[in-house]
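>>> have a look at this prediction, sequence included:
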Amino acid sequence: MSARFDLMNNDLGKSLGKRFAGLSMLLHNSSLPKPTQELVSLRASQINGCGFCTDMHTKDATAAGETAERLYLVAAWREATVFTPAERAALALTEEGTRIADGGGVSDETWAQAREHYDDDQLAVLVCLIGLINAANRMNVIVRTPAGLYQPGQFANVS
């Protein structure tokens, strides 16, 4: 598969990408646990069929010490015993926040579960992270950014 368009080889696209990376770094440096951030990004990317982001977040999570078992089970997290109650709440919020177009939105029950495990700052990050990864997924799917070439930390110096 080849990309339809390389956003990072377009001046305006590159400028937008730098701002996107800056927001991503702000979220990454927050108090929301890093494993939770990667699990959320991976799950949304799986749902949206974004190969590039699935590849990126799997590799970044692995480089950060995440276990293969947990990464394999993200798609089946409801049936898996390897996730904490807080991670499960974040994954539920991610799924409902990603599937808004399916007509359900985020249920009060799911929000209450997330509220039980995360403080206001962490919830703000979680909500913004879900929005940001969904935006990234959509951009990469639209332009058909291919998966498989990402290297962990590849965008760490984009600013």
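Great, that's in hand. Numbering: from 1, shown residues only.
>>> for the protein, what spans make up the helices?
For the chain, the helices defined by DSSP state H cover 11-28, 34-48, 51-63, 68-73, 85-98, 108-117, 120-143.
>>> so which of those helices comes closest to residue 5?
Closest approach to residue 5 among these is made by helix 120-143 (4.5 Å; CB to CB). For glycine as for every other residue, the C-beta is placed from the backbone atoms N, C-alpha and C.
>>> residue closest to the middle of the protein?
Geometric centre of the chain, nearest residue: residue 41, 1.5 Å, by CA atoms, centre = their mean.
>>> that residue and residue 105: what is the separation?
Using CB to CB, to the nearest Å, residue 41 is found at 21 Å from residue 105.
>>> below-threshold pLDDT in this structure: ranges please.
Applying pLDDT under 70 to the chain flags the ranges 158-159.
>>> contacts only, for the residue nearest to the centre of the chain.
53, 57, 129, 133 (CB atoms under 8 Å, 6 or more residues apart in numbering).
>>> so which of the helices of the chain is the most packed in?
Among these, the stretch with the highest mean neighbour count (mean count of other CB atoms under 10 Å) is helix 34-48, at a mean of 23.
>>> follow-up on the earlier one: how about the contacts of residue 41 in CSV, adding distance to residue 88?
Listed next are the contacts of residue 41 as CSV, based on distance: CB to CB, whole Å:
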residue, distance to residue 88
53, 21
57, 18
129, 16
133, 18
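>>> now the two most distant members of those.
53 and 129 (12.3 Å).
>>> state the distance from the nearest residue to residue 48 once chain neighbours are set aside to residue 31.
Among residues not flanking residue 48 along the chain, residue 137 sits closest, at 3.8 Å (CB to CB, 6 or more residues apart in numbering). Distance of residue 137 to residue 31, computed by CB to CB: 24 Å.
>>> do residue 139 as well
The gap separating residue 139 from residue 31 is 27 Å, by CB to CB.
>>> for residue 21, same thing?
Distance of residue 21 to residue 31, computed by CB to CB: 20 Å.
>>> now residue 127
Distance, residue 127 to residue 31, using CB to CB: 14 Å.
>>> one more: residue 63?
Distance, residue 63 to residue 31, by CB to CB: 21 Å.
>>> next: residue 150.
From residue 150 over to residue 31 the distance is 26 Å, taken as CB to CB.
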